[in-house]
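Student: Build me a model from this:
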Amino acid sequence: MTDLRVDPVDPSERDVLARLLELYAHDFSERTGADVADDGTFGWRDLDRWWREHDRHPFFVRVDGRLAGFALVHAGDPHDMAEFFVLRKYRRGGVGTDAARLVFARFPGAWQVRQQWANTAATAFWRRTVPAGFTEDEVEEGPVQRFVVPPP
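Tutor: The predicted model follows:
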């Protein structure tokens, strides 16, 4: 049995999250065409706001105590899965689905999950992962699933 946890990211772990965001940006670069900067990083704009603003919540996904990814949630009406990433080693085994559902359960109420048109794999993942009965809209950037997580 695998021990899967979704833990809040402590401000002291900021640099760890920054490094995982680099891997995330690298994965996206094949869709976005982004290049690394002269310092060899993609960079992440204003990462510190995830601890400065009360409605932003960063989480690490851990499998058997090992880092497996992250989720960045912008709480509100609706809650928004701003970013979600699972390391390649942990994909296709249910880690992403289970981790996303643990994150959703932490924030009952209305939710939205957005994707870019070019990221068809993410759209397929979210259609399988979000709770049954979701609705889906199309915006300029891509599909958006909307759903409600009931309180426990």
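Student: Please tell me I have it right and residue 103 contacts residue 71.
Tutor: Yes: the pair residue 103 / residue 71 is scored as a contact, 4.8 Å apart, by C-beta atoms under 8 Å. Any C-beta I mention is one placed from the backbone N, CA and C, and that applies to glycine too.
Student: ok, those two, which is more surrounded?
Tutor: residue 71 (24 against 21; other C-beta atoms under 10 Å).
Student: gap between that one and residue 10?
Tutor: For residue 71, the distance to residue 10 equals 15 Å [C-beta to C-beta, to the nearest Å].
Student: and the gap between the nearest residue to residue 99 once chain neighbours are set aside and residue 43?
Tutor: Residue nearest to residue 99 in three dimensions, not counting chain neighbours: residue 61, with 4.4 Å by C-beta to C-beta, 6 or more residues apart in numbering. Separation of residue 61 from residue 43 (C-beta to C-beta): 22 Å.
Student: who has more neighbours, these two?
Tutor: Just comparing residue 61 and residue 43: by other C-beta under 10 Å the higher neighbour count belongs to residue 61, 27 against 13.
Student: Now the element after the helix or strand of the chain with the lowest mean pLDDT, going C-ward?
Tutor: Sorted by mean pLDDT, DSSP states H and E, the helices and strands of the chain end with helix 14-32, the least confident at a mean of 79. As assigned by DSSP states H and E, the chain's next helix or strand after helix 14-32 is helix 49-52.
Student: Any buried residues in the next helix or strand after that next one, and which?
Tutor: Per DSSP H and E, the first helix or strand lying C-terminal to helix 49-52 is strand 56-63. For strand 56-63, the neighbour count (16 or more other C-beta atoms under 10 Å) marks 57, 58, 59, 60, 61, 62, 63 as buried.
Student: State the separation between strand 56-63 and the centre of the chain it belongs to.
Tutor: Here strand 56-63 is found 8 Å from its chain centre; the criterion is C-alpha atoms, centre = their mean, to the nearest Å.
Student: what packs against that strand?
Tutor: strand 4-8, helix 14-32, helix 49-52, strand 66-74, helix 95-106 (3 or more C-beta pairs under 8 Å, 6 or more residues apart in numbering; DSSP states H and E).
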